[in-house]
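# here's my sequence, what's the structure:
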Amino acid sequence: MINNDKYFTPKEIVAELDKYIIGQHDAKRNVAIALRNRWRRMNVKSDIQNEIVPNNILMIGATGVGKTEIARRLAKIADAPFTKVEASKFTEVGYVGRDVESMVRDLVEQAVNMVRISKKAEVMHKAEDIVEGIILDALIPPVKSTNGAKQAVTTEQPQNDAELNESTRERFREKIKKGELDDRKIEINVKQPSNPGIGMIGGGMMDESSMINLQDMLSNMMPKKNKKRRVTIAEAKKLLLEEEAAKLIDMDEVKEEAINKAQNTGIVFIDEIDKIAGGSRKGGGGPDVSREGVQRDLLPIVEGSAVNTKYGIIHTDHILFVAAGAFHVAKPSDLIPELQGRFPIRVELENLTKDDFLKILKEPKNALTKQYTALIEAEDVSLTFEDDALEELADIAFRVNEEVENIGARRLHTVMSKLLNEFLFDIPDTIVPNSKIVVNRDMVKEKLSGLVQDKDLSQYIL
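The predicted structure is shown next:
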């Protein structure tokens with residue numbers, strides 16, 4: 001059973017997504033249900049648990065309306081391994097290029113990193129104590145006790161020296177903890193990473209999985225050499241802490257937990273899936289590569305299969321796949337029927353309105369206005385936007401999207417950059433610290449008037 005406190009209800013998931021993404025309520029509801037269903041499956045008490053498969057989602061909508069952001073935020077909410085791939089980068093088996101299994105290997109890498117970071121946090125206090133001991137030994141080596149006749153002759157004195165040494169070491173240990181000795185230099189042994197330097201040989205007949213396993217095996221076989229370095233104690237703490245924490249982590253346990261995490265909570269986001277649909281004319285992998293062939297290669301992964309990775313075999317049956325595409329030329333029905341069947345939940349995302357643009361500038365926790373304000377505040381200059389300025393910015397972004405090419409919310413990056421670049425260049429030379437910049441409607445009109453009038457806006461299209 002899984003602790004319910006760690007998992008959000010569908011309404012809570014939507015509320016979290018609302019903090020970063022404006023609108024698209026239908027899409028948010030569907031991904032929230034899909035995420036909660038994973039918790040429900042893992043808490044099923046009967047033997048039907050393994051038979052419950054996830055309802056993969058196909059998002060249909062123009063670029064910049066929030067498809068990728070929804071999937072990425074969903075993974076963060078779930079604390080789940082997440083990888084994004086572009087379907088147009090895949091090539092059919094037999095051609096040079098990325099094979100579809102690479103997305104599963106990427107997912108496992110993400111899972112391993114997540115688990116390793118978690119385990120590292122658990123052993124950090126112990127690693128810090130070990131590092132302090134190593135630094136202390138370099139500063140004040142411990143007194144070694146003598147033995148035999150010599151020890152019998154000087155019974156009392158060594159004891160006093162040992163006590164004095166230990167007392168001094170404890171004082172210095174406190175100084176190390178407080179960072180009072182961070183600038184002092186010491187000599188430490190640092191392990192040099194091994195580099196097998198193996199590359200593709202000949203015509204590159206080895207597949208990606210075999211190559212990864214070979215490199216990993218050779219890397220483990222080659223001994224890591226110790227190298228003496230003279231560094232400050234502050235640098236020594238950083239170098240040694242990573243090394244000692246790694247020693248305390250059981251990598252076999254990390255691999256096992258990561259495989260389980262990837263299998264049961266992993267999310268794979270397949271973007272530009274419309275580029276491999278039969279009706280597309282843009283061809284993601286070149287004229288000689290069959291788009292239908294890529295779809296057939298994707299099918300067993302999405303249906304559920306065993307993929308070999310350098311950390312072990314991973315089963316993809318319960319990984320959540322979220323695919324997305326604009327489908328301007330192709331239609332979802334242009335995908336092969338078998339692949340369509342593996343994405344039973346279809347969500348059409350709405351184009352952004354002028355009001356949506358205004359909300360995107362004002363409401364999300366990571367709104368562009370807040371990002372630029374924080375950047376400029378780093379130079380001790382304040383930046384504020386009047387409401388009428390934000391309305392004008394939203395109006396300009398919306399009009400440019402209508403007249404040139406609709407790139408959704410990404411258009412706001414264009415207009416904000418055009419608006420503020422002059423200020424960003426002048427700070428701090430011309431616009432000195434403690435200055436105030438107030439952006440109003442007149443300023444927006446003045447700086448962005450040419451953006452709307454110029455019909456050849458190719459330089460501003462992202």
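
# rest of the way, CA atoms for contacts and neighbours
Fine.

# tell me the domain ranges of the chain?
4-111+260-348, 122-255, 354-460 (automatic domain parsing).

# mean neighbour count, those domains: which tops it?
Per-stretch averages of neighbours, counted by mean count of other CA atoms under 10 Å, single out domain 4-111+260-348 among the domains of the chain, with a mean of 19.

# need the domains of the chain in TSV with mean pLDDT, can you?
Putting those into TSV (pLDDT from 0 to 100) gives the following:
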stretch	mean pLDDT
domain 4-111+260-348	86
domain 122-255	72
domain 354-460	88
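
# please enumerate the strands of this protein.
In chain order, the chain shows strands spanning 57-60, 82-86, 185-192, 225-232, 267-271, 306-309, 312-315, 320-325, 345-348, 382-385, 436-439, with DSSP state E as the criterion.

# need these in a markdown table (columns: distance to D99).
Compiled in a markdown table, the strands of the chain are given as follows (distance: least, CA to CA, whole Å):
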| stretch | distance to D99 |
| --- | --- |
| strand 57-60 | 21 |
| strand 82-86 | 11 |
| strand 185-192 | 33 |
| strand 225-232 | 36 |
| strand 267-271 | 13 |
| strand 306-309 | 12 |
| strand 312-315 | 16 |
| strand 320-325 | 17 |
| strand 345-348 | 26 |
| strand 382-385 | 48 |
| strand 436-439 | 49 |
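
# among these, which comes closest to N43?
When the strands of the chain are ranked by distance to N43, counting by CA to CA, first place goes to strand 320-325 at 17.0 Å.

# please name every helix or strand in contact with the closest one.
Packing partners of strand 320-325 (3 or more CA pairs under 8 Å, 6 or more residues apart in numbering; DSSP states H and E): strand 57-60, strand 267-271.

# at 10 Å what do you get?
For strand 320-325, the elements it packs on are helix 25-42, strand 57-60, helix 67-78, strand 82-86, helix 251-265, strand 267-271, helix 291-303, strand 345-348, judged by 3 or more CA pairs under 10 Å, 6 or more residues apart in numbering; DSSP states H and E.

# any chance of these in a markdown table, with distance to I13 too?
Putting the helices and strands packed on strand 320-325 into a markdown table (distance: least, CA to CA, whole Å) gives the following:
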| stretch | distance to I13 |
| --- | --- |
| helix 25-42 | 6 |
| strand 57-60 | 16 |
| helix 67-78 | 7 |
| strand 82-86 | 17 |
| helix 251-265 | 15 |
| strand 267-271 | 15 |
| helix 291-303 | 24 |
| strand 345-348 | 17 |
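
# to G450, which of these lies closest?
If you check each of those against G450 by CA to CA, helix 67-78 wins as the nearest, at 30.5 Å.

# relative to strand 267-271, how tilted is the closest one?
For helix 67-78 and strand 267-271, the angle between their directions (axes from the mean of the first three to the mean of the last three CA atoms, to 10 degrees) works out to 170 degrees.

# and helix 67-78, how far out from the chain's middle?
Computed by CA atoms, centre = their mean, to the nearest Å, the chain-centroid distance of helix 67-78 equals 11 Å.

# and if you look at stretch 337-351?
On the basis of CA atoms, centre = their mean, stretch 337-351 sits 25 Å off its chain's mean C-alpha point.

# stretch 355-373 too?
Using CA atoms, centre = their mean, the mean C-alpha position of stretch 355-373 is found 22 Å from that of the whole chain.

# and the contacts of that stretch?
Taking CA atoms under 10 Å, 6 or more residues apart in numbering as the criterion, the residues outside stretch 355-373 that touch it are 17-23, 352-354, 374-375, 377-378, 381-385, 387, 390-398, 408-409, 411-413, 416-417, 420, 424, 437.

# L248 touches E128, doesn't it?
No - here L248 lies out of contact with E128, judged by CA atoms under 10 Å, at a distance of 11.4 Å.

# can you get me the start-to-end distance on stretch 375-390?
18 Å (CA to CA, to the nearest Å).

# actually stretch 381-394, not the one I wrote
24 Å.

# now do stretch 432-442
Taking CA to CA, the first and last residues of stretch 432-442 lie 23 Å apart.

# likewise stretch 348-356?
17 Å.

# swap in stretch 177-190?
Stretch 177-190 has an end-to-end distance of 21 Å (CA to CA).

# residues in contact with it?
With CA under 10 Å, 6+ apart as the test, stretch 177-190 has contacts from 128-129, 132, 134-136, 138-139, 172-176, 224-237, 239-240, 243.

# E386 and F269: what is the separation?
Here the distance between E386 and F269 works out to 38 Å (CA to CA).

# with H125 instead?
Taking CA to CA, one finds H125 at 36 Å from F269.

# same check, this time on K310
K310 sits at a distance of 22 Å from F269 (criterion: CA to CA).

# likewise N113?
Taken as CA to CA, the spacing of N113 relative to F269 amounts to 18 Å.

# likewise for E256?
Look at E256 and F269: by CA to CA, they are 23 Å apart.

# shouldn't L448 be in contact with K418?
Yes - between L448 and K418 there is a contact at 7.1 Å, judged by CA under 10 Å.

# residue contacts, the residue nearest to P142 when sequence neighbours are not counted?
When the adjacent residues along the chain are set aside, P142 lies closest to N165, with 6.7 Å between them (CA to CA, 6 or more residues apart in numbering). The contact partners of N165, by CA under 10 Å, 6+ apart, come to 140-143, 159.
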